[in-house]
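Participant: here is the input, now give the coordinates:
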Amino acid sequence: MTMTSSTAANLREGQFADVEPGVRLHYHQAGEQHDEAVVMLHGGGPGATGWSNFGRNLEVLAGSLRTVAVDQPGFGGSGSPIEGSHYFTHSADTLLGLLDHLGIERAHLVGNSLGGGTAVRFALRHPDRAGRLVLMAPGGLTLNVFAPEPTEGIKKLFGFAAPPGPSRKKLEGFLRTMVHNQELVTEELIDERFAAASNPDTLAAMAVMGRMIMSAPEEGMLWREAHKLRQRVLLVWGREDRVIPMDGALVALKQIQRAQLHVFGGCGHWAQVERFDEFNRLVLDFLGKRGGS
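Facilitator: Modelled structure (predicted):
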């Protein structure tokens with residue numbers, strides 16, 4: 001898909017939708033001319049947004065699909081999550097509201113880490129609205145068979161806001177666990193993510209999110225319900241993932257009836273970044289758009 005500079009700028013700026021009382025979501029959309037839709041759901045690291053995780057991928061997939069990248073509640077331009085249910089459940093239900101707002105009856109879902117957990121919960125709660133699932137080291141769906149808990153990446157994730165508080169150095173340490181190729185962690189990326197992550201509203205939203213997860217931890221154990229999924233599922237892992245290691249895929253692969261697994265060597269937690277071209281081809285092929293358009 002070829003874009004003018006003004007179109008690309010508007011795409012990056014995004015749009016807003018009030019999906020239910022008190023909940024406003026920020027999202028990016030391209031490829032509206034296509035009938036079939038895919039929604040991309042980012043991970044839960046400090047400063048993460050739909051655009052930071054999937055901006056470049058969105059522009060590619062939009063050549064074949066109506067493509068939406070959403071900031072989940074508490075991230076980016078979206079409002080803070082509302083307590084009362086587990087975060088996966090809350091985010092999944094706000095996603096349903098976004099689909100209704102956009103007039104999308106059914107969408108494929110691409111979810112990375114936290115976004116993978118949201119995608120699974122959405123498919124379990126609203127099975128008729130979910131198409132195929134691409135789950136990249138999804139949260140809640142795995143049990144580490146060999147790797148110790150908590151993993152290096154999870155320790156650094158929770159350590160970011162821990163006393164004495166956030167710092168650029170702590171964020172850089174976290175980001176370096178995301179990728180195998182350390183050259184991808186640039187000064188510009190660190191500055192951009194730290195500016196977003198250290199915002200007081202963002203920190204407050206992260207505290208709410210933490211309480212939501214801890215209030216009903218069993219709802220986050222999606223591996224216990226994985227056998228109920230009827231969608232076709234593509235599990236994607238980086239062999240060098242230091243956040244949700246590859247051995248975590250084994251239980252999900254066994255539980256999900258229509259699952260397949262693709263592993264990228266020389267790749268960490270951000271397969272969509274480190275294996276950009278291969279990842280895009282893999283997703284388009286899995287979603288029945290071989291070679292794109």
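Participant: going forward, measure contacts between C-alpha atoms and count neighbours the same way
Facilitator: Noted.
Participant: which residue ranges of the protein form helices?
Facilitator: 5-13, 50-61, 87-102, 114-125, 152-159, 168-176, 187-197, 200-215, 249-255, 271-274, 276-286 (DSSP state H).
Participant: return the distance of the last one from the chain's centre.
Facilitator: It stands for helix 276-286. Computed by C-alpha atoms, centre = their mean, to the nearest Å, the chain-centroid distance of helix 276-286 equals 16 Å.
Participant: hmm, who's touching that helix?
Facilitator: The contact list for helix 276-286, computed with C-alpha atoms under 8 Å, 6 or more residues apart in numbering, reads Asn57, Val60, Leu61, Val134, Leu234, Ala271, Gln272, Arg290, Gly291, Gly292.
Participant: tally of neighbours for the residue lying closest to the third one once chain neighbours are set aside?
Facilitator: Yep, that's Leu61 we're talking about. For Leu61, ignoring the flanking residues on the chain, the nearest one in space by C-alpha to C-alpha, 6 or more residues apart in numbering is Thr67 at 6.6 Å. When neighbours are counted by other C-alpha atoms under 10 Å, Thr67 registers 27.
Participant: what of Glu149?
Facilitator: 11.
Participant: picking that back up, can you flag the buried ones in the contacts of helix 276-286?
Facilitator: Using 16 or more other C-alpha atoms under 10 Å as the burial test, the contacts of helix 276-286 include Asn57, Val60, Leu61, Val134, Leu234, Ala271, Gln272, Gly292 as buried.
Participant: report pLDDT for the last one.
Facilitator: Gly292 carries a pLDDT value of 52.
Participant: do the fourth one as well
Facilitator: Taken from the predicted model, the pLDDT recorded for Val134 is 98.
Participant: measure it to Leu58 for me?
Facilitator: Look at Val134 and Leu58: by C-alpha to C-alpha, to the nearest Å, they are 14 Å apart.
Participant: tell me where the model's unsure across the stretch 1-150 of the chain.
Facilitator: 1-9 (pLDDT under 70).
Participant: hmm, His42 is touching Asn57, no?
Facilitator: No. Here His42 lies out of contact with Asn57, judged by C-alpha atoms under 8 Å, at a distance of 11.9 Å.
Participant: who's in contact with Leu114?
Facilitator: So Leu114 contacts Leu41, His42, Gly43, Gly44, Pro138, Gly139 (C-alpha under 8 Å, 6+ apart).
Participant: what bridges to Ala69?
Facilitator: His28, Met40 (DSSP bridges).
Participant: surely it meets Ala30?
Facilitator: No. Using C-alpha under 8 Å, Ala69 is not in contact with Ala30, being 9.1 Å away.
Participant: common neighbours of those two, please.
Facilitator: Both Ala69 and Ala30 are in contact with Leu58, where contact means C-alpha under 8 Å, 6+ apart.
Participant: what about Pro21, neighbour count?
Facilitator: 6.
Participant: quick check: phi and psi at it.
Facilitator: Per-residue torsions, Pro21: phi -50, psi 120 (degrees, to the nearest 10).
Participant: how far away is it from Pro81?
Facilitator: Counting by C-alpha to C-alpha, the gap from Pro21 to Pro81 is 12 Å.
Participant: wait, what's in contact with the spatially most central residue of the chain?
Facilitator: Taking C-alpha atoms, centre = their mean, the centroid of the chain lies closest to His42, which sits 2.4 Å from it. Neighbouring residues of His42 by C-alpha under 8 Å, 6+ apart: 48-50, 53-54, 69-72, 111-115.
Participant: 6 Å - rerun?
Facilitator: Counting by C-alpha atoms under 6 Å, 6 or more residues apart in numbering, His42 touches Gly50, Asn53, Asn112, Gly115.
Participant: ok, now Leu141?
Facilitator: Leu222, Trp223.
Participant: from Val179, how far out is it?
Facilitator: Relative to Val179, and taking C-alpha to C-alpha, Leu141 is found at 21 Å.
Participant: and Asp277, by the same measure?
Facilitator: 16 Å.
Participant: ok, those two, which is more surrounded?
Facilitator: More crowded of Asp277 and Val179, by other C-alpha under 10 Å: Val179, with 24 against 12.
Participant: which one is that one nearest to, not counting chain neighbours?
Facilitator: Distance criterion C-alpha to C-alpha, 6+ apart; nearest residue to Val179, sequence neighbours excluded, is Gly268 at 4.4 Å.
Participant: just Pro166 next, same as before
Facilitator: Phe160 (5.2 Å).
Participant: for burial, what's the neighbour tally of that neighbour?
Facilitator: When counting by other C-alpha under 10 Å, one arrives at 23 neighbours for Phe160.
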